[in-house]
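1. Build me a model from this:
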Amino acid sequence: MDGLIAFLFLIAAIWFFFRAFGGSGGPVRRDVWRALARRFEGAVDKSRWRGASGVRFRYAGSDVFVRQSARGRTVATDAWFDWPDSDLRLHIVSSSTSISSESVRGLRVFENPRDPFHWRFRVFANHTDRADGLLGETVKWQIEQLRQHFPNRGVEIRVANGRLLVRKRVLFHQLSALERFTKDAVRLYDQLLVSQADGIEIIATGTEPSGVIDCQICGQPIASDLVRCRRCGTPHHRECWEYNGACSVFGCLETVCVPARDGSIPG
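-> Residues are numbered from 1 along each chain as shown. The predicted structure is shown next:
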């Protein structure tokens, strides 16, 4: 009897430790998810067995799901988005990151030895011409931002079956790091949409995203007077754009901005 009680106590202790420190449902992690959900005006996504497991919110007409996973030695923080082109398959991965042959089956390697981006990333696609069209300078710059955040951790970008996955192979435990990853993923999604729409069509006819958008110059939320770069679509305060005189994205160099339809962000 004593042995059974000791065994049950050990199981309970292991379960408590996992909940508190090892799993995504522990008290600290639950608070982090809740704070992230508030930041992006979303909701905590709950698992029956593990409590809080991620955050869902709406952005630019897409359902966005941010979550973390750990399978064996592979850990990852993921952001999932809807993608308008269900025919495209694209896989971008850091050169130092291992991938399975199954994940790129049926895809062709897209290389450009003269482009430093291709020194740091491997690109696979079923339509290399469309992949080339998506990988403009602002998109590549945003992917570099993801790489530089915890630079020794791999980055993966996947487009398949009408979904976009932005993955960083690390588990972020602090709200600041998880929030930065989420913002970088959202900005990459923005830039990819602009490239997909081939220029300014998405700016002229699209709906401004709900939720919080930060100005790329001052870093503060844009509550009103929002403008976007005509070339890459990056959002700014109008006053910050006029102060800077051009887009804040490195290498963009656009000097013309396009205002939001009503100059504000709908709530």
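2. What segments of the stretch 1-150 of the chain are helices?
-> Along the stretch 1-150 of the chain, the stretches classed as helices by DSSP state H, counting those that start in this stretch are 2-17, 27-39, 117-120, 128-134, 137-148.
3. Pop the domain breakdown of this protein in here.
-> As given by automatic domain parsing, the domain ranges for the chain are 60-196, 206-259.
4. Next, format the ones you listed as JSON lines and append mean neighbour count and distance to residue 38.
-> Heads up, the C-betas are built off the backbone N, CA and C, glycines and all. Converted to JSON lines, these look like this (neighbours: other CB atoms under 10 Å; distance: least, CB to CB, whole Å):
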{"stretch": "domain 60-196", "mean neighbour count": "17", "distance to residue 38": "10"}
{"stretch": "domain 206-259", "mean neighbour count": "17", "distance to residue 38": "10"}
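5. okay if I get these as a markdown table plus distance to residue 42 and mean pLDDT?
-> Output for these, formatted as a markdown table (distance: least, CB to CB, whole Å; pLDDT from 0 to 100):
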| stretch | distance to residue 42 | mean pLDDT |
| --- | --- | --- |
| domain 60-196 | 8 | 87 |
| domain 206-259 | 8 | 76 |
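6. Can I get those domains in a markdown table including distance to residue 45?
-> Output for the domains of the chain, formatted as a markdown table (distance: least, CB to CB, whole Å):
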| stretch | distance to residue 45 |
| --- | --- |
| domain 60-196 | 7 |
| domain 206-259 | 16 |
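7. how about these, which one is nearest residue 54?
-> For the domains of the chain, proximity to residue 54 was assessed by CB to CB; domain 60-196 is nearest, at 3.3 Å.
8. what residue lies at the spatial centre of this protein?
-> Closest residue to the average C-alpha location of the chain: residue 185 at 1.8 Å, with CA atoms, centre = their mean.
9. helix or strand for it, which one?
-> For residue 185, the host element (DSSP states H and E) is helix 175-196.
10. Please list the residues outside that helix that contact it.
-> Helix 175-196 is contacted from outside by 32, 35-36, 39-40, 59-60, 62, 64, 66, 77, 79, 81, 84-85, 133-136, 138-139, 142-143, 145-146, 149-150, 157, 164, 166, 168, 172, 202-203, 214, 232-234, using CB atoms under 8 Å, 6 or more residues apart in numbering.
11. Likewise for stretch 230-247?
-> 136, 138, 187, 190-191, 193-194, 199-200, 202-203, 213-218, 220, 222, 225-229, 248-249, 252-259, 263.
12. My guess is residue 165 contacts residue 79. True?
-> Yes - using CB atoms under 8 Å, residue 165 is in contact with residue 79, at 7.5 Å.
13. do you know how far residue 122 is from residue 244?
-> Applying CB to CB, to the nearest Å, the value for residue 122 to residue 244 is 34 Å.
14. what does residue 153 give?
-> Residue 153 is 31 Å from residue 244, by CB to CB.
15. Then residue 182?
-> With distances taken as CB to CB, residue 182 is found 25 Å from residue 244.
16. next one: residue 90
-> Going from residue 90 to residue 244 by CB to CB gives 32 Å.
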